[in-house]
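Participant: mind looking at a prediction? Sequence and model below.
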Amino acid sequence: MVEIDQKLADLAKEIAKKAHAPYSNFRVGAALITDSGNIYTGCNIENASYPATICAEDVAVFKAISEGETKINTLAVACIDAESDTAIFPCGISRQRMSEFNTENVIVVNNDGFKKYKFSDILPFDFKF
């Protein structure tokens, strides 16, 4: 699993370069692997109407689900423009969206490498019916 974790971390950093972030210059990338073994990526896409902005994690999740996937195994997120070397985590809305598809793990990436967390540790009380 370490090899796939590294691949996801690298893909998240690479796809962040494609982000459309003219307002914040905060370019974020995400890469995920589903239980079927398929990998999907996404980058943040900003809009002058800020509420219309979409997170990198959501782009990757939307791509996976639109292709028929139903369960996310691991999602990696990376920011290549952070002023500090602090790793970023998925935002709250993205975390809730990820919970809908039973995400098991989250990888946060910084310049020194990455760290893997159980999803339940970063969203212990998700909203489910």
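Facilitator: Alright, I've got the coordinates. Numbering: from 1, shown residues only.

Participant: low-confidence regions, this protein specifically.
Facilitator: Counting by pLDDT under 70, the low-confidence segments of the chain come to 1, 82-84, 129.

Participant: other SSEs contacting the lengthiest helix in the chain?
Facilitator: Scanning the chain for the longest helix, with DSSP state H as the assignment, gives helix 2-16. For helix 2-16, the contact count by 3 or more Cβ pairs under 8 Å, 6 or more residues apart in numbering; DSSP states H and E identifies strand 28-34, strand 39-43, helix 56-66, strand 72-79, strand 105-110, strand 113-118 as packing neighbours. Backbone N, C-alpha and C define where each C-beta goes, glycine included.

Participant: go with 6 Å
Facilitator: Where contact means 3 or more Cβ pairs under 6 Å, 6 or more residues apart in numbering; DSSP states H and E, helix 2-16 is packed against strand 28-34, strand 39-43, strand 72-79, strand 105-110.

Participant: tell me what the third one is packed against?
Facilitator: This points to strand 72-79. For strand 72-79, the packing partners by 3+ Cβ pairs under 6 Å, 6+ apart come out as helix 2-16, strand 28-34, strand 105-110.

Participant: pairing partners for the second one, with directions?
Facilitator: If I follow you right, that is strand 28-34. Counting by DSSP bridges, the strands paired with strand 28-34 are strand 39-43 (antiparallel), strand 72-79 (antiparallel).
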